[in-house]
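In: Please find the sequence and the predicted model below.
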Amino acid sequence: MRRFIASAALLVLALGPTLHAQATATARPARIVLAPPTKGAPEAIKTASMASVIARGDSLQLPGTREPVPGAPLSHHIAGFAVTLCGAVFITGLEPADAAANVGFFAGPLKYRSEVKDTVIDRKTQTVKLTLKNGVTRVARRYGSQGCVPLPIGEDSVHFTPSIVKSALPPATTTPWPMGDVLPKKTDWAGVDSALVAQAVAEAFGPDSAMTLGFVVTYKGQIIGEKYAKGINLHSQLESWSMGKSLTGSLVARLIQMGVYRLDQAAPFPEWQKPGDPRQQIRIMDIMRMSSGLRILAPQDPGYKENEAVYPDHLYLYTGSVNEYAYAASRPQQWKAGTVGRYRNVDPVLASYLVRLGAEKLKQDYHAFPTRALFDKIGMRDVTIYTDPYGNFLGQGAEVIAARDWARLGNLYLQDGLWNGERLLPAGYVEYARTIAPGWLADGRPVYGGGFLWINGDGREPLPTNAFAFLGAGGQSAWMVPTHGLVIVRIGKYRGSNASEAPLRKGMATLMKAVKPL
């Protein structure tokens, strides 16, 4: 199998129905046909210098300036902290002191947590209330299956009706893996050195400083290695951050397979439909490649310099306590779509918006759609995706998910989108998703594909260069290795992310020795 690095001209997309067309159960799903893959992994591609990436971006910029986000940065940071505490305590099951010291630094940075003078954790109402030294109070509350929501300042409720979404699957305790949790008695697999696998699991889990919570390895879909920290188990829903982007891409792919969208169609957001709006040229595939070209500020922008007085839109899309879909759809263009790759939350938020529009087009319960369309199909039971106060899923990374469920999703990709004979993702979609995006390749950064997947194109990880991943802040990862039939999932506490890198790489290198190529 091969990761393609050439231009989008290699893609041939058969047209299917658009969002504006009538979607029916008999609608023909879009098919994505790519050039046939070749065997083996290609050579690593040299990464361009940061100065080169910045210069290229500057040369292609369209006229315009960024509009600052509303509100005080410190208030936003503490809203993020409140959501982190809410999820860690009420869903994952961590103790408040542990959560405050060790998790969720991305949306609620550790250095600002000392500004909180009063913390109230109400287990009865599943509410976290944080009051700053300046008197500002930020509140996050758990709402049904919609997770932990940051409430607007001065408000005590959300602008949607929360609901409980239950899996339609039979009990996992009596259902064989992967649809359930009952593992086969077989522990030895042809082509697998079990002793080396055990060594790899121990290495990858790392020392206590790595703070790994869950580690799962599957080979040809079967679990061959697994380990959890004390107090954590196979059902524990763990902070996964931007791994959720890949999950959102999978939901958009489900809608493509169901005949609602095409990858090559213009993104059908109502906010972009006025005559002459240049954003009508942005395709769904551009959004899914982090290449929409929309103008926001993100800490991952090349050359970004932190300024405590300037709060990035990238984070505001988690903590703003506004209609985040409307905010994302209101951003102007900075580059022509598809020309420049930038890791910015505006794109996965818009992809989540597509999921909402698509589910509503199908007249399905939006909050139940991920469960019915995907999770129930592949055995995922321990998933919570958070929403904003308007009930919009924040699929860019506000979720807690069990390690085994990430392994299930990873295996869906290794199986080319097929599960038990049913096509869940369009034919060719996985190849599209693990192909380096043209805008990123042109930037000299061979690391990002379609469907919000990361690619090992620069050979940074001790895996073949056609390995691809769901990655999240804090050291969260699920690597798919097609050449070896492996899915490698590592989830841990945010504080341990730096200490976890070397052990994880050592463990992955050992796995490459433990498992023979297919």
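Out: Looks like it came in fine.

In: and Pro152, how many residues sit next to it?
Out: 18 (other C-beta atoms under 10 Å). C-betas here are computed from N, CA, C, even on glycine.

In: try Ala202
Out: 16.

In: residues touching it, list them.
Out: Applying C-beta atoms under 8 Å, 6 or more residues apart in numbering, we find Ala202 in contact with Lys227, Gly507.

In: which regions of the stretch 51-200 of the chain lie under the pLDDT threshold?
Out: Along the stretch 51-200 of the chain, no part satisfies pLDDT under 70.

In: how about the strands of it, start to end?
Out: 116-122, 127-132, 137-142, 148-151 (DSSP state E, counting those that start in this stretch).

In: and the ones you listed as JSON lines, adding distance to Asp313?
Out: JSON lines is the format used below for those (distance: least, C-beta to C-beta, whole Å):
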{"stretch": "strand 116-122", "distance to Asp313": "24"}
{"stretch": "strand 127-132", "distance to Asp313": "22"}
{"stretch": "strand 137-142", "distance to Asp313": "19"}
{"stretch": "strand 148-151", "distance to Asp313": "16"}
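
In: Show me which of the ones you listed has the highest average neighbour count.
Out: strand 148-151 (a mean of 26; mean count of other C-beta atoms under 10 Å).

In: Show me how far it is from its chain's centre.
Out: Relative to the centre of its chain, strand 148-151 is centred 19 Å away, using C-alpha atoms, centre = their mean, to the nearest Å.

In: With stretch 498-516 instead?
Out: The answer for stretch 498-516 is 22 Å, by C-alpha atoms, centre = their mean.

In: Buried residues in that stretch, which are they?
Out: 499-500, 503-512, 514-515 (16 or more other C-beta atoms under 10 Å).

In: For the closest residue to Trp177 other than its chain neighbours, give its distance to Pro176.
Out: Closest residue in space to Trp177, ignoring its immediate chain neighbours: Leu183 at 5.2 Å, by C-beta to C-beta, 6 or more residues apart in numbering. Using C-beta to C-beta, to the nearest Å, one gets 8 Å for the distance from Leu183 to Pro176.

In: Doesn't Trp479 belong to a strand?
Out: Yes. Per DSSP: H, G, I helix; E, B strand; the rest coil, Trp479 lies within a strand segment.

In: right, and it touches Gly507 too?
Out: No. Under the criterion of C-beta atoms under 8 Å, Trp479 is not in contact with Gly507, lying 10.9 Å apart.

In: Show me the domain layout of this structure.
Out: 1-51+161-300+314-518, 73-151 (automatic domain parsing).

In: Which of those sits closest to Gln61?
Out: domain 1-51+161-300+314-518 (6.0 Å; C-beta to C-beta).

In: got a list of what Gly485 touches?
Out: Tyr219, Lys220, Gly221, Leu414, Val515, Leu518.

In: Give me the phi and psi for it.
Out: phi 70, psi 30 (degrees, to the nearest 10).

In: burial measure for the residue nearest to it when sequence neighbours are not counted, as a count.
Out: Among residues not flanking Gly485 along the chain, Lys220 sits closest, at 4.6 Å (C-beta to C-beta, 6+ apart). Other residues near Lys220 number 18, with proximity taken as other C-beta under 10 Å.

In: for this protein, which spans come out with low pLDDT?
Out: Using pLDDT under 70, the flagged stretches of the chain are 1-40.

In: What is the longest helix anywhere in the chain packed up against?
Out: In the chain, taking DSSP state H as the definition, the longest helix is helix 497-514. Applying 3 or more C-beta pairs under 8 Å, 6 or more residues apart in numbering; DSSP states H and E, we find helix 497-514 packed against helix 194-205, strand 212-219, strand 486-492.

In: Of the ones you listed, flag the one that's most buried.
Out: By mean count of other C-beta under 10 Å, the helices and strands packed on helix 497-514 have strand 486-492 as the most buried, with a mean of 28.

In: Partner strands of that strand and their direction?
Out: strand 212-219 (antiparallel), strand 476-481 (antiparallel) (DSSP bridges).

In: follow-up on the earlier one: let me know which of the strands of the stretch 51-200 of the chain is the nearest to Glu271.
Out: strand 148-151 (22.9 Å).

In: hey, what's Gly225 bridged with?
Out: Val217.

In: Going forward, the N-terminal residue is numbered 794.
Out: Yes, from this point I'll number from 794; that puts the last item at Gly1018.

In: isn't Ala1220 right up against Ala1046?
Out: No. Ala1220 is beyond contact range of Ala1046, at 10.9 Å (criterion: C-beta under 8 Å).

In: more crowded one of these two?
Out: Higher neighbour count among Ala1220 and Ala1046: Ala1046, with 28 against 18, using other C-beta under 10 Å.

In: so that one is in which element?
Out: helix 1036-1050 (DSSP states H and E).

In: Following the chain past that helix, name the next helix or strand.
Out: Next along the chain from helix 1036-1050, counting by DSSP H and E, comes helix 1077-1081.

In: Please export the C-alpha coordinates of that following helix as PDB.
Out: The C-alpha coordinates for helix 1077-1081 follow below in PDB (Å, rounded to 0.1, in the frame of the first residue of the first chain):
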ATOM      1  CA  ILE A1077     -15.400  20.000   1.300                       C
ATOM      2  CA  MET A1078     -12.100  18.300   0.500                       C
ATOM      3  CA  ASP A1079     -10.200  21.600   1.200                       C
ATOM      4  CA  ILE A1080     -11.800  21.800   4.600                       C
ATOM      5  CA  MET A1081     -10.900  18.200   5.300                       C
END
